[in-house]
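Visitor: Structure, please.
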Amino acid sequence: MAYRLAASAEMLYRHLPVVDRVRRIDELGFEVEIWDWSSKDLPALAATDARFSSMTGYLRGDLTTLDGIAALLSTAEESLRAAEVIDSPRLNLHGTGLDPDGLPVRPRGVVEGDDWLRARDTLARLADLGRRAGRVFTLENLNTAVDHPGTPFARAADTLALVRAVDDPGLRLNLDLYHAQIGEGNLVELVRDALPWVGEIQVADVPGRCEPGTGEIRFEAIAAELRVLGYDGVVGLEAWASGDDDAALAAFRAAFTG
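Guide: The predicted structure follows:
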């Protein structure tokens with residue numbers, strides 16, 4: 001198995017302080033994902049010596065409006081400086097900023113042709129920032145049916161098209177298979193098509209967004225395909241535990257290493 005496993009400190013061990021969540025995930029042999037870095041004690045997280053897989057790469061903004069682009073680029077630079085503290089290699093983005101409930105701060109029912117061009121150009125500027133800093137921005141696909149209604153550039157097909165159009169090693173795809181299953185399905189074929197552009201893969205089962213084995217996705221088939229394709233990046237569990245957190249991580253490990 002060439003790929004590595006990570007888990008979200010935002011969704012697991014939520015009864016513990018964040019720094020203790022990070023320690024626990026690290027103790028179990030996983031890399032660690034965090035979201036909003038601005039609300040966390042980054043030096044304390046760095047002192048755990050955990051290996052971080054990714055963190056949020058912006059605080060505000062969007063890909064298409066003048067003020068949104070300026071905010072996105074400015075807070076992306078702040079995020080790059082924060083990433084140095086915990087040595088996070090990847091910084092995650094969405095089609096627009098999301099509020100605490102996961103809803104878009106600027107919902108868009110229809111994305112026009114000019115929006116695609118502005119989004120591509122904004123992402124190219126972000127990719128340049130990432131490449132110069134020795135880090136990678138990742139653009140995550142989302143679902144609009146359940147969790148993130150109204151989010152522009154949400155489908156995996158959309159995010160993949162934008163990453164391909166930018167064609168810069170400073171920008172890659174955060175391929176979230178939970179969101180893709182809800183929005184598009186055909187996951188094994190999606191992985192095959194997207195893999196050259198993937199910076200990270202995230203997983204949770206459907207429905208419920210819990211660990212593998214709680215829903216309909218055959219993660220063992222996806223894991224087998226990743227091994228065949230020689231994927232050597234990170235597979236991250238971005239899921240709630242259906243019961244015990246340790247058991248959820250054990251199920252995740254079993255699905256991707258069995």
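
Visitor: Residue ranges in the stretch 101-250 of the chain under the pLDDT threshold?
Guide: 109 (pLDDT under 70).

Visitor: I'd like to know the beta-bridge partner residues of the residue nearest in space to the middle of the chain.
Guide: Of all residues in the chain, the one closest to the mean position by C-alpha atoms, centre = their mean is N174, 4.8 Å from it. Counting by DSSP bridges, N174 forms beta bridges with E140, E200.

Visitor: Which parts of the stretch 1-150 of the chain are helices?
Guide: 18-27, 42-47, 66-86, 113-133 (DSSP state H, counting those that start in this stretch).

Visitor: and D205, which of those is closest to it?
Guide: Among these, helix 18-27 comes nearest to D205, with 18.8 Å by C-beta to C-beta. Where you see a C-beta, it was placed from the backbone N, CA and C, and this is true even at glycine.

Visitor: Can you point out the buried residues in that closest one?
Guide: V18, V19, R21, V22, R23, R24, I25, D26 (16 or more other C-beta atoms under 10 Å).

Visitor: Save the residues you listed as a markdown table, and put in distance to A250 too.
Guide: Shown next, in a markdown table, are those (distance: C-beta to C-beta, whole Å):
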| residue | distance to A250 |
| --- | --- |
| V18 | 22 |
| V19 | 23 |
| R21 | 17 |
| V22 | 19 |
| R23 | 18 |
| R24 | 13 |
| I25 | 13 |
| D26 | 16 |
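
Visitor: for the residues you listed, which one is nearest G213?
Guide: Closest to G213 out of the buried residues of helix 18-27 is I25 (19.1 Å), distances taken as C-beta to C-beta.

Visitor: name the helices or strands packed onto the helix or strand containing R172?
Guide: According to DSSP states H and E, R172 maps onto strand 171-176. Using 3 or more C-beta pairs under 8 Å, 6 or more residues apart in numbering; DSSP states H and E as the contact test, the elements touching strand 171-176 are strand 90-93, helix 113-133, strand 136-140, helix 156-166, helix 187-194, strand 198-203.

Visitor: one more time with 6 Å, if that's ok
Guide: Strand 171-176 sits against strand 136-140, helix 156-166, strand 198-203, with contacts defined as 3 or more C-beta pairs under 6 Å, 6 or more residues apart in numbering; DSSP states H and E.

Visitor: export these to TSV and tack on distance to G213 and mean neighbour count?
Guide: Shown next, in TSV, are the helices and strands packed on strand 171-176 (distance: least, C-beta to C-beta, whole Å; neighbours: other C-beta atoms under 10 Å):
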stretch	distance to G213	mean neighbour count
strand 136-140	23	25
helix 156-166	23	21
strand 198-203	11	24
